[in-house]
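Engineer: Okay, sequence plus prediction incoming.
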Amino acid sequence: MKVKDINIKSIKKISNKELLNMHRRTHMLYFSNIKNSDLSKTLIEKHNMLANEMKSRGFSHNSPLQTVRNMKMVEHYISMLSLLEEIR
């Protein structure tokens, strides 16, 4: 499933594995397109649909989008990746 295809009906039909993969993808896309406010808003909406479905299936969800904490985590992750590349 593509992110653009996420809607309330479509996510009811996907497996748990695909649901978790889609959730991960929305995070990746959000943080790589943070400066595009229209796309960011769309991704937040899609993410929230996925998070609600995750909760309804009994998964926990502790990774909201658009928080300062998440941005700091992403910045840290990017800096760690840069360090790993330098080591290689």
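Structural biologist: Perfect, thanks for sending it. Numbering: from 1, shown residues only.
Engineer: what about Leu83, helix or strand, and which?
Structural biologist: helix 68-87 (DSSP states H and E).
Engineer: which residues touch the residue sitting nearest the centre point of the chain?
Structural biologist: For the chain, His27 is the residue whose C-alpha lies nearest the centre (C-alpha atoms, centre = their mean; 2.1 Å). Listed by C-beta atoms under 8 Å, 6 or more residues apart in numbering, the contact partners of His27 are His47, Ser63, Leu65. (Each C-beta comes from the backbone N, C-alpha and C, glycine too.)
Engineer: Would you mind listing where the protein has pLDDT under the threshold?
Structural biologist: For the chain, residues meeting the criterion pLDDT under 70 lie at 34-36, 66-78, 81, 88.
Engineer: which residues of it fall in helices?
Structural biologist: 8-12, 16-32, 37-56, 68-87 (DSSP state H).
Engineer: can you redo those as a markdown table with distance to Met1?
Structural biologist: Listed next are these as a markdown table, based on distance: least, C-beta to C-beta, whole Å:
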| stretch | distance to Met1 |
| --- | --- |
| helix 8-12 | 7 |
| helix 16-32 | 6 |
| helix 37-56 | 11 |
| helix 68-87 | 23 |
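Engineer: For Lys2, which of these is the nearest?
Structural biologist: helix 16-32 (9.1 Å; C-beta to C-beta).
Engineer: what is the orientation angle of that closest one with helix 37-56?
Structural biologist: Orientation check (axes from the mean of the first three to the mean of the last three C-alpha atoms, to 10 degrees): helix 16-32 against helix 37-56 gives 150 degrees.
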